[in-house]
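J.: next one to model:
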Amino acid sequence: MSEKIRIDKWLWAARFFKTRTLATDEIGKGRILVNGQLAKPSREVKLDDILSIKREGFTQTVSVLGLSQVRGSASIAQLLYKETEDSIQAKLKWAEQRKYAREPSSSIENGRPTKRNRRDLDQTREHGWNDRWSASIE
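T.: Numbering: from 1, shown residues only. The predicted model follows:
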C-alpha cells in the first residue's frame, strides 16, 4: 500500500461507487468533500482524511482508515473507512423519514403509458366510464 491514492480510485475500491467513472462524475458535481474542501478526481487521499459524500437525502461522513488501489470484497472494503456517529444517526433518521413519507415518483410502476395502454384508456372513457362520478343510482 502506498501513502496516498487518488480519491476516485479510493471511492471505487471502498465500494461507494460501482465504477471509477461514476465516482469521478460525483466528484465533478461537487458532492464529495475532503476535509471540508471540494475535491477533484486527481486529489490524493491519505490516512485520517475526512470525506463527506452527499447521497440521496443525507451526507455520509467517513474517516479514511486504509488505502487500496484494488477493488476487493465488501468485507475488505469496509475496513478502509469508518463512518462517523453523526453520519450513522443522519442515515437512520433519513431512512425513518423515507419509510413514512415516500417519494411520490416511486409509486409509478411502469412510467408513461404505452400507445396501446393509451388506446385502452381512451376506449374505456368512450364507453361511459367518465359519464357518472357518483355512486348514486339513477
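J.: can you give me the helices for this protein?
T.: 7-13, 20-28, 74-77, 85-100, 115-124 (DSSP state H).
J.: between these, which one is closest to Leu51.
T.: helix 7-13 (7.8 Å; C-beta to C-beta). In this view, the C-beta of every residue, glycine as well, is placed from N, C-alpha and C.
J.: for that closest one, what is the average pLDDT?
T.: For helix 7-13, mean pLDDT is 93.
J.: do the same with stretch 26-39
T.: For stretch 26-39, the per-residue pLDDT averages 92.
J.: then stretch 43-54?
T.: The model assigns stretch 43-54 a mean pLDDT of 92.
J.: how far away from the center of its chain is it?
T.: Distance of stretch 43-54 from its chain centroid, counting by C-alpha atoms, centre = their mean, to the nearest Å, is 18 Å.
J.: other residues contacting it?
T.: For stretch 43-54, the external contacting residues (C-beta atoms under 8 Å, 6 or more residues apart in numbering) are 3-7, 10-11, 16, 26-27, 31-36, 59-67, 81, 84.
J.: what residues does stretch 8-22 touch?
T.: So stretch 8-22 is contacted by 5, 23-24, 26-27, 32, 41-42, 45, 53, 64, 67-72, 74, 77, 80-81 (C-beta under 8 Å, 6+ apart).
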